[in-house]
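>>> what follows is a predicted structure for the sequence shown.
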Amino acid sequence: MAETAARYSNLEYDLDQGERGKRDAHTAELLAELRARKPQPSVNNNAAAVFSVLNTLAKASEVIVSQES
């Protein structure tokens, strides 16, 4: 991870197809191994992580969200 972070990477690109790829393509299989079941989505920013947690933990509830600008 440190080696990849220290240089350019193809994180968001599918080099075989020559176009933008899926961000979770590099982590889906690893997460599936950790969970020992089908591949699960992953996120790479705080807003998506907060949404995922709220979607799971606050299902059928009201959540008030404030965005400070």
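Nice, thanks for sending it over.

>>> measure the residue nearest to A25 when sequence neighbours are not counted to A28 for me?
In space, not counting the residues next to it along the chain, A25 is nearest to D14; the distance is 7.5 Å by Cβ to Cβ, 6 or more residues apart in numbering. All C-beta spots, glycine's among them, are computed from the backbone N, C-alpha and C. D14 sits 14 Å away from A28, going by Cβ to Cβ, to the nearest Å.

>>> more neighbours, these two?
A28 (16 against 12; other Cβ atoms under 10 Å).

>>> S42 is in contact with the more buried one, correct?
Yes. Here A28 reaches S42: they are 6.8 Å apart, a contact under Cβ atoms under 8 Å.

>>> residues touching the one residue sitting closest to the centre of the chain, list them.
Among the residues of the chain, the one closest to the centroid is V43, at 1.7 Å (Cα atoms, centre = their mean). By Cβ atoms under 8 Å, 6 or more residues apart in numbering, the residues touching V43 are 24, 49, 52.

>>> any idea how far it is from D24?
V43 is 8 Å from D24, by Cβ to Cβ.

>>> do the same with A60
26 Å.

>>> who has more neighbours, those two?
D24 (15 against 4).

>>> what's the burial count for the spatially closest residue to the more buried one that is not a sequence neighbour?
With Cβ to Cβ, 6+ apart as the criterion, D24 has its nearest non-adjacent residue at 4.6 Å, and that residue is S42. For S42, the count of nearby residues is 16 (other Cβ under 10 Å).
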